[in-house]
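# what follows is a predicted protein model with its sequence.
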Amino acid sequence: MKAIFLDIDGVIATPTSVRLNYLLGRGPERQRFDTVSLAYLRRLVAETGAVIVLTSTWREDMSTGDPYVNAIMDNLFAQLDEAGAPVASMTPVLQTADRSAEIGAWLDENPCDAYVIFDDLARFEDRPEIVAGHLVLVEDSEGIRHHHYQCACEILA
């Protein structure tokens, strides 16, 4: 199995997509994500067979049962599904650990042949060995672009 660990803010929710959603009057429950980022994500999934694993803090509020939060998450899942990059899984939420420990916990339960991490922040102090050679740091101002896609392809090869 191959996995793509995906953050949302700054990776597929870019300043451009956020501004466009604002101008079109789309709330978070109807927002659209960066089309270029989604196209590269779709291409990466299609070419490598990797599954999408959500790492974003967005997943932390899913257990609240709040209908508005559920609508936001349903929209996210629908957008990724329509883009050809459906969410297959999510990392566990570990209250006392950072994202690297959450990815590590997921990998402990789901061994992978290869994986890549898309994130806009380097917040991986607990388990740096999980991140080394797997992180594609995305500029939050641009989202996933061709050079990120190429780097991810190399990591997943």
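Great, that's in hand.

# helix or strand right after the helix or strand of the chain with the lowest mean pLDDT?
One helix or strand of the chain scores below all others by mean pLDDT, DSSP states H and E: helix 15-23, with a mean of 90. Once the chain leaves helix 15-23, the next helix or strand it forms, by DSSP states H and E, is helix 35-48.

# now do that next one: everything it contacts.
The contact list for helix 35-48 (Cβ atoms under 8 Å, 6 or more residues apart in numbering) reads 2, 4, 6, 11-12, 14, 17, 50-52, 79-80, 83-85, 143-146, 148-149, 152-153, 156-157. Quick note: C-beta positions are derived from backbone N, CA and C, even for glycine.

# next step: those restricted to helices.
Using DSSP state H, the subset of the contacts of helix 35-48 located in helices is 17, 79, 80, 146, 148, 149, 152, 153, 156.

# what residue lies at the spatial centre of the protein?
Nearest residue to the geometric centre of the chain (Cα atoms, centre = their mean): residue 6, 1.8 Å.

# may I have the beta-bridge partners of that one?
In this structure, residue 6 bridges to residue 54, residue 118 when assessed by DSSP bridges.

# what's near enough to touch it?
12, 41, 52, 53, 54, 55, 56, 87, 118.

# how close does it sit to residue 68?
22 Å (Cβ to Cβ, to the nearest Å).

# now residue 154
In terms of Cβ to Cβ, residue 154 sits 40 Å off from residue 68.

# surely residue 123 and residue 97 touch.
No. Between residue 123 and residue 97 there is no contact under Cβ atoms under 8 Å: 10.9 Å.

# between the two, which one's more packed in?
Shown here are residue 123 and residue 97; by other Cβ atoms under 10 Å, residue 97 has more neighbours (15 against 12).

# is it true that the more buried one lies in a helix?
No. Looking at residue 97 with DSSP: H, G, I helix; E, B strand; the rest coil, it is coil, so not inside a helix.

# how many neighbours does residue 69 have?
17.

# just grab the bridge partners of the residue nearest to residue 49 when sequence neighbours are not counted for me.
Take residue 49 and drop its neighbours on the chain: the residue closest to it by Cβ to Cβ, 6 or more residues apart in numbering is residue 2, 6.1 Å away. In this entry, residue 2 is beta-bridged to residue 114, by DSSP bridges.

# returning to what we had before: drop anything exposed from the contacts of residue 6.
12, 41, 52, 53, 54, 55, 56, 87, 118 (16 or more other Cβ atoms under 10 Å).
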